[in-house]
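[1] Here is my input, please return the structure:
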Amino acid sequence: MEQLIRYRKREKEFKRKIKILFLIILALYTVVFLRLLYINFFEEKVLKGAKDSVKIISVQDYRGSILDRNGIPLAISYPVGYIYIYKFSLFSDEKKKEKFIKGLSRILKIPQEEIRKELSKNKDVFELITFPLEKKEEIRKFIRRIDYDEDKKRYTKPFITAHVGVGQKYLRFYPHKHFASNLIGFVKKEGGGGEGLEYQFDRYLTGHEEKGKKFILYKDKGFLFIEPKDYSFYEPKDLVLSLDYRVQSVIEEIKKEIRRRWRPQKIVIIVMESDTGKIRGFTTFPDYDPNRYEKFFPIFTRNFGTYDLFEIGSTFKPFLVAYAIDKGFIKKNSLIDINYGKLKVYKKIIRDPINYLRKKKYITPAEVLIYSSNVGAIKIGMRLSPKDFDKLFSTFRMKKTPKIIFSENNPQISDLHNEVNKAYASIGQGIAYNALHLLTSFNALIQGKYVKPSILEKEEVQTEPLDISPGTVIWLRSVLIQVVEKGTGIKAKSDLFYIGGKTGTAQKYDREIKAYSKEKLTTFFIGFFPKNPKFTAIILVDEPRGKEIYGGTVAAPYFNKLAERIALIYGLKPDKK
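    Numbers count the residues shown, from 1 in each chain. Below you'll find the model as predicted:
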């Protein structure tokens with residue numbers, strides 16, 4: 001009996017302690033909840049009579065990683081500590097200032113002058129420096145000790161802790177620096193995507209719509225406090241791109257080679273998987289290091305492959321010839337009168353530059369493409385009405401850009417009711433596209449179906465049939481292979497794989513002289529490999545410098561390197577015997 005009584009007493013005591021613990025936890029949660037309500041709804045009254053001291057600051061919050069298709073990180077977030085400064089110019093104790101500067105210099109091993117320079121900023125609130133997270137408590141205690149007077153055994157005014165605080169945030173890190181930088185973009189110091197996919201998928205990566213994490217900074221009884229403005233729970237997600245790190249490495253290296261050889265204004269290289277539309281590589285020049293984005297002019301952070309429009313020159317000819325044959329304007333064996341490579345358009349004489357064409361009175365549609373005859377293309381184009389051109393653009397999805405990347409600009413097409421404009425449009429003048437759009441339409445042309453491009457690995461493949469016969473597609477592929485085997489694209493020729501494609505050289509309109517320039521050119525090679533296309537790619541080199549500046553001499557020589565290296569990565573067997 002006595003044992004039962006003792007057991008019940010212990011049980012009663014245990015329940016009493018559980019109730020007390022529960023009440024304590026409930027009280028703590030209540031305090032936190034009320035504090036949250038107080039801050040969010042009465043933040044201007046956090047300090048009685050001192051609402052001017054309240055500041056809202058924004059810092060980088062955690063966001064999901066950006067990964068290539070195989071999980072290789074392209075952008076990651078990691079935690080750091082940071083020191084924030086509040087109205088430091090009002091802090092008058094020079095002795096404490098010096099103690100702070102020297103001590104911080106010693107702990108973080110940075111020059112004192114660097115700290116002094118940052119502290120001299122004429123701002124109310126700013127971030128002084130970031131540091132490894134493991135030093136957070138050491139620095140917090142160090143700053144607190146500055147206010148402690150060893151002789152008086154107490155904290156003395158003015159408090160440096162009223163002007164200096166320590167916090168925690170996340171920094172975005174791009175381990176490969178310039179690697180696909182203009183596509184991926186960057187995150188601003190105060191949080192929120194600043195460009196590229198970081199901007200486009202900001203909400204997905206962070207799990208919320210806020211640009212950065214908001215904190216309330218305020219002073220209370222001489223001390224500086226910082227508290228989250230919002231305690232909501234978010235679910236950041238990783239973004240898995242269709243980019244293949246291995247393919248990206250190949251085109252980044254090719255880009256460097258082009259830069260060294262031709263010193264151009266811009267470069268765009270894009271590689272697409274022909275059947276799926278997945279973008280396996282995407283690089284541009286100028287590029288930049290997203291880890292130091294603030295050191296670069298805004299123009300360097302732009303995606304030149306989607307934002308900029310380029311007149312497409314002779315890369316338009318395959319679209320024109322294929323459409324004209326498929327719709328019966330000409331036949332595959334038609335003879336086109338090129339008058340020995342000479343034609344007058346309005347007041348200007350158009351000449352074909354290749355000697356082969358200057359010896360010919362008539363050529364076939366295939367030869368128009370193989371030797372890139374401007375006269376032949378104009379003669380074919382003039383058989384189409386403006387309405388026919390409109391149907392051509394619709395057939396190959398050339399009227400509107402795919403819009404898979406936010407910065408894509410729609411094409412500019414001149415008024416083709418004007419006969420002169422129509423003639424020049426036949427050779428790609430007066431029609432301008434972003435590089436991604438041109439590649440997408442070219443892929444549709446050589447596939448016989450529209451494949452929507454995709455930058456996300458897990459996005460479903462979307463295709464649409466084209467109003468073009470399979471026979472025309474097969475014929476065009478064989479002709480484009482001849483362009484490389486014996487025509488203007490011969491420098492793209494590979495000993496291992498059949499490559500098909502088209503060169504392009506577009507004069508750029510010079511606003512100063514109000515005419516097309518003979519010196520400023522955009523050069524292209526757009527093509528596919530192997531014979532049964534697995535990959536479709538474009539190399540665009542804008543305003544290269546040097547002699548013999550054509551698509552066949554500037555862009556084409558790098559395409560076989562691209563094709564052979566990517567084929568090796570994917571284990572494609574050579575299709576040339």
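[2] Now do the helix or strand harbouring residue 325: everything it contacts.
    If you go by DSSP states H and E, residue 325 is part of helix 317-326. With contact meaning Cβ atoms under 8 Å, 6 or more residues apart in numbering, helix 317-326 is reached by 329-332, 365, 368-369, 372, 377, 380-381, 383-384, 391-392, 395-396, 398, 426-428, 441-442, 445, 468-469, 472-473, 475-476, 480, 502. From N, CA and C alone the C-beta is placed, and that goes for glycine too.
[3] Please read off the pLDDT at residue 45 from the model.
    The per-residue pLDDT reported for residue 45 equals 48.
[4] With the one 5 residues further on instead?
    Residue-level confidence at residue 50 comes out at 42, pLDDT.
[5] just residue 161 next, same as before
    Residue 161 is given a pLDDT of 86.
[6] So among the contacts of helix 317-326, which ones count as buried?
    Listed as buried from the contacts of helix 317-326 are 329-330, 365, 368-369, 372, 377, 380-381, 384, 392, 395-396, 398, 426-428, 441-442, 445, 468, 472-473, 475-476, 480, 502; burial here means 16 or more other Cβ atoms under 10 Å.
[7] Just the ones in strands from those, please.
    Among those, the ones falling in strands (DSSP state E) are residue 502.
[8] Show me which positions of stretch 276-295 end up buried.
    Applying 16+ other Cβ under 10 Å to stretch 276-295 flags 276-291, 293 as buried.
[9] show me the contacts for residue 68.
    By Cβ under 8 Å, 6+ apart, the contact set of residue 68 is 74, 240, 241, 243, 244, 245, 248.
[10] tell me which residues form a beta bridge with the third one?
    With DSSP bridges applied, residue 241 shows beta-bridge pairing to residue 456.
[11] Can you check the pLDDT for it?
    Residue 241 is assigned 98 on the pLDDT scale.
[12] Tell me who's in contact with it.
    Contacts for residue 241 (Cβ under 8 Å, 6+ apart) come out as 66, 67, 68, 69, 74, 197, 279, 455, 456, 457.
[13] Next, the distance between the ends of stretch 402-419.
    From the first residue to the last, stretch 402-419 extends over 29 Å; the measure is Cα to Cα, to the nearest Å.
[14] Now tell me what touches it from outside.
    183, 196-197, 199-200, 302-303, 306-309, 382, 386, 389-390, 393, 398-401, 421-422, 424-425, 430-434, 436-437, 440, 452-455.
[15] quick revisit: between the contacts of residue 68, which sits nearest residue 172?
    residue 74 (11.0 Å; Cβ to Cβ).
[16] Any idea how many residues pack against the residue nearest to that closest one when sequence neighbours are not counted?
    Nearest residue to residue 74 in three dimensions, chain neighbours excluded: residue 66, at 4.7 Å (Cβ to Cβ, 6 or more residues apart in numbering). Residues lying near residue 66 (other Cβ atoms under 10 Å) number 24.
[17] Would you mind giving both backbone torsions of the closest residue to residue 206 other than its chain neighbours?
    Distances taken as Cβ to Cβ, 6+ apart place residue 63 nearest to residue 206, at 4.7 Å, with adjacent residues excluded. Per-residue torsions, residue 63: phi -140, psi 160 (degrees, to the nearest 10).
[18] residue contacts, residue 63?
    Contacts for residue 63 were tallied using Cβ under 8 Å, 6+ apart; they are 77, 170, 172, 187, 202, 205, 206, 236.
[19] Fine by me, we can end here.
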